[in-house]
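S.K.: sequence and computational prediction follow.
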Amino acid sequence: MNPYMIIIMVFSLGLGTMITQTSSHWLLAWMGLEINTFAILPLMTYKHNPRAMEATIKYFIVQTTAATMLLFASISNAWLTGQWDIQHMNHHLPLMMITIALAMKMGLAPMHAWFPEVLQGLDLSTGLILSTWQKIAPFSLIIQIPSTNATLLIVLGLVSILMGGWGGLNQTQLRKILGYSSVAHLGWMILILQYSPSLALLTFTIYVMLTSSMFFIFLNNQTTTINSLAISWTKTPIISALTPLVLLSLGGLPPLTGFLPKWMILLELTKQELMPTATIAALSALLSLYFYLRLSYAMTLTTSPNNTPAIMPWRTAAPKTPLFLAITTAFSLLLLPISPSTLTLFCM
């Protein structure tokens, strides 16, 4: 692809997200989402192969369906209440439709089945954009709409945490595992959204850092399966030692950064007297922790064969992203000690 076209597509990605974030009118928000969707399609087909084309078509169909549902719900709200403003979403039926449409756009369960499949068909760099940047626009909209349908958000959150953990148990493809991990993390954000939007924003920010760190690690090692992780120590032993810590941070174990949002969410749910919800969420998180431990075991606690076919792939040059890898890994592991300052920043 022409470098100028790549620059235009990346600029359009940023423009679409900014339009959606700064808009207070549903029509402008819909336009930003559409710009965002159409801008990433050429990037998804950058490496022209049947899997990428299939993933692009799936993504286009799902995103078009969700955008159509959102536009129909916003028109219905304008017809019923006379309001196009995002903050004045008062009728319960259009509000429920828009919540479902935004959940489909982000990949929340039970509308999540498309996300791991699409992620599997893309290369790691485009998968990173799809897992992080593409979720900013719909997440900013779901924060702005009135949280009057508490039961729907709690159900979506709990089902996402459960399905994200359950779906990743028997996977061998790293991109699918990261896809189900994304579904589970989004469930935590939606679960706390109506009670503490600032905490949901903190959870989203930490999720972006942790997911970016894992994608940069896999990009550096050029690994896409669990089996290829087992021989990564032959070329990057330091990264192989740090990767289990990043995975455990994704699972939410102290004293790593990923412990902060889960602990604060469980604390807030307890304050809201939602002890059963907090208990189900905490137990469902153990499913995700299992496949994180499975990856850690395959990467550091197993010894791969030292025969020539196993070592030869690591004699080829791999693209290096040491700066972003170092920054995101440091944030993924070391932010917990400054959690009071972090919470103060997001609660201002």
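M.R.: Received the coordinates, thanks.
S.K.: give me the low-pLDDT residue ranges for the protein?
M.R.: For the chain, the stretches with pLDDT under 70 are 148, 303-321, 348.
S.K.: domain ranges for it, per the record?
M.R.: The record assigns the chain these domain ranges, following automatic domain parsing: 1-121, 147-348.
S.K.: how far does the first one stretch from start to finish?
M.R.: With CA to CA, to the nearest Å as the measure, the ends of domain 1-121 fall 19 Å from one another.
S.K.: got a list of contacts for stretch 80-89?
M.R.: 23-27, 29, 74, 77-78, 90-91, 93-95, 98, 141, 144-146 (CB atoms under 8 Å, 6 or more residues apart in numbering). Just so you know, the C-beta spots here come from the backbone N, C-alpha and C atoms, and that holds for glycine as well.
S.K.: buried sites along that stretch?
M.R.: Across stretch 80-89, burial judged by 16 or more other CB atoms under 10 Å covers 84, 86, 89.
S.K.: cool, and stretch 41-57?
M.R.: Buried residues in stretch 41-57 (16+ other CB under 10 Å): 43-45, 52, 55-56.
S.K.: can I get those in CSV with secondary structure and distance to Thr300?
M.R.: Putting these into CSV (DSSP: H, G, I helix; E, B strand; the rest coil; distance: CB to CB, whole Å) gives the following:
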residue, secondary structure, distance to Thr300
Leu43, helix, 33
Met44, helix, 33
Thr45, coil, 36
Ala52, helix, 31
Ala55, helix, 31
Thr56, helix, 35
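S.K.: quick one: Gly187 and Pro110 touch, right?
M.R.: No. If you go by CB atoms under 8 Å, Gly187 and Pro110 don't touch, sitting 11.2 Å apart.
S.K.: tell me which of these two has more neighbours.
M.R.: Neighbours were counted for Gly187 and for Pro110 using other CB atoms under 10 Å; Gly187 has more, 26 against 12.
S.K.: hang on, that one in a helix?
M.R.: Yes. When DSSP: H, G, I helix; E, B strand; the rest coil is applied, Gly187 is found to be in a helix.
S.K.: picking that back up, distance to Leu130 added to the domains of the chain, as TSV?
M.R.: Shown next, in TSV, are the domains of the chain (distance: least, CB to CB, whole Å):
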stretch	distance to Leu130
domain 1-121	6
domain 147-348	9
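S.K.: need the residues touching each of Gly187 and Pro110.
M.R.: Counting by CB under 8 Å, 6+ apart, the contacts common to Gly187 and Pro110 are Val159.
S.K.: from the contacts of stretch 80-89, which ones fall inside helices?
M.R.: Under the assignment DSSP state H, those contribute 26-27, 29, 74, 77-78, 93-95, 98, 141, 144 to helices.
S.K.: and which of those is nearest to Met209?
M.R.: The closest of these to Met209 turns out to be Leu141 (CB to CB; 22.1 Å).
S.K.: which residues touch the closest one?
M.R.: By CB under 8 Å, 6+ apart, Leu141 lies in contact with 20, 29, 86, 98, 102.
S.K.: and those residues, which is closest to Tyr180?
M.R.: Set against Tyr180, the nearest of the contacts of Leu141 by CB to CB is Leu102 (19.7 Å).
S.K.: which element is that closest one on?
M.R.: Per DSSP states H and E, Leu102 falls inside helix 92-106.
S.K.: show me what that helix is packed against.
M.R.: For helix 92-106, the packing partners by 3 or more CB pairs under 8 Å, 6 or more residues apart in numbering; DSSP states H and E come out as helix 50-81, helix 136-144, helix 150-167.
S.K.: so what's Ser296 up against?
M.R.: 243-244, 247-248.
S.K.: shouldn't it be within a helix?
M.R.: Yes. Judged by three-state DSSP, Ser296 forms part of a helix.
S.K.: tell me how far it lies from Leu250.
M.R.: Distance, Ser296 to Leu250, using CB to CB, to the nearest Å: 10 Å.
S.K.: Ile57 too?
M.R.: Using CB to CB, Ile57 is found at 30 Å from Leu250.
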